[in-house]
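Q: I'll drop the sequence and a predicted model, then ask my questions.
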Amino acid sequence: MAKQITKKTYLNWYKDMLLWRKFEDKSAALYIQQKIRGFLHLYNGQEAVLAGCIEAINPKKDRFITAYRNHVQPIALGVEPKYIMAEMFGKITGCSKGNGGSMHMFSKEHNFFGGHGIVGGQIPLGAGLAFADQYNGNDSVTLCFMGDGAVRQGAFHEALNLAMLWKLPVIFIVENNGYAMGTSVERTANHTEIWKLGLGYEMPCGPVDGMDPVAMYEAVAEAVARARKGDGPTLLEAKTYRYKGHSMSDAQHYRTKDEVAEYQKIDPITNVLEVIKKNKYATEKEIEKINQEVKEIVADAVKFAEESPFPKEQDLYDSVYEQEDYPFIKD
């Protein structure tokens, strides 16, 4: 049974979602300055999905796995933002020791299992994490996130089939932001309601308003309870929207500015703030204090990343070979 959403929940949501948004905004600016290299996929607009999910799980034992739009999920699970920023800078102090960059965040300690660059590659891995928990008798649940484009991969269907066959404790969450890179859902299949793909496997499934953290929380909490009882997986389609391009190199010719503006009218951060103000959960002064705290966290993360060293050449081998005197390493 879903717990009540309280004043504390809303205040936490506002601070967390604002932090994720500002962290991504700063990352975009640093990318333009070429301090962050490679690809950069931002989460702006989709924060309500993550906010609802975090409220519905136990971060100490439940697991997350996702694709390459993955900067803020580990922050939500407890990784300090500075380690994420350092990773994007390619520094040794990053959560993946500078080896992964923007697309490959990882923190076993915080139950975050990636950060995967191959489209759909994380889906069978998510089922595998759930299988391991089931096999070992844990009551942990895995949340496996993917974009709408990833459901066109064969591995998606294979994973759903086995998850249902073995009643695995996994929740497949499709973050349907409308476009697989620049291709709309309508152009990739003859159906537009992705959640219905679960029906073919007789899997509990349904659509969720991915712009509303309360709706996300309620749907995920129900799915978590079902998985923990041993009743198997769930497929949820979170209907959300990204305000930025697929990546920083996306010119966004496939949509209009008016379309983006329409979705910005239902911005999840703005909506949560309106609830806070309407219910007098915080004064203007208290809200400004939160805003300032977020600004300082982001600034500290950038400072840490700037001042951290790059990995040494030997560090590359440390992440690959377990045996320190590996005989095939030649000068």
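A: Perfect, I can see it now. Numbering: from 1, shown residues only.
Q: what's the helix or strand for the most centrally placed residue in the chain?
A: Central residue of the chain (Cα atoms, centre = their mean): residue 73, 4.2 Å from the mean position. Taking DSSP states H and E as the definition, residue 73 sits inside helix 72-76.
Q: What segments of the protein are strands?
A: Assignment of strands within the chain using DSSP state E yields the ranges 63-65, 142-147, 170-176, 179-180, 183-184, 205-209, 234-239.
Q: Pipe the ones you listed into CSV and attach distance to residue 19 and mean neighbour count per row.
A: The way it works is simple: take the backbone N, C-alpha and C, and place the C-beta from them, glycine included. Listed next are these as CSV, based on distance: least, Cβ to Cβ, whole Å; neighbours: other Cβ atoms under 10 Å:
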stretch, distance to residue 19, mean neighbour count
strand 63-65, 17, 27
strand 142-147, 19, 27
strand 170-176, 19, 28
strand 179-180, 25, 20
strand 183-184, 31, 14
strand 205-209, 22, 20
strand 234-239, 20, 26
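Q: quick one on the thing from earlier: which residues are in contact with the helix holding residue 73?
A: Here helix 72-76 makes contact (Cβ atoms under 8 Å, 6 or more residues apart in numbering) with 16, 19-20, 23-24, 43, 47, 50-51, 54, 64, 66, 81, 84, 95, 105-107, 110, 112, 145.
Q: Need the mean per-residue confidence for that helix.
A: Summarised as a single mean, pLDDT over helix 72-76 is 98.
Q: chain center to that helix, what's the gap?
A: Helix 72-76 sits 7 Å away from the centroid of its parent chain (Cα atoms, centre = their mean, to the nearest Å).
Q: Could you do stretch 233-246 as well?
A: Using Cα atoms, centre = their mean, the mean C-alpha position of stretch 233-246 is found 10 Å from that of the whole chain.
Q: For residue 268, find the nearest of the strands of the chain.
A: With Cβ to Cβ, the closest approach to residue 268 among the strands of the chain belongs to strand 205-209: 9.8 Å.
Q: neighbouring strands for that closest one, and are they parallel or not?
A: Partners of strand 205-209 in the sheet, by DSSP bridges, are strand 234-239 (parallel).
Q: what's next to the partner strand, contact-wise?
A: With Cβ under 8 Å, 6+ apart as the criterion, strand 234-239 contacts 49, 160, 171-176, 193-195, 197-198, 203-211, 216, 219-220, 222-223, 226-227.
Q: Sweet, I'm off.
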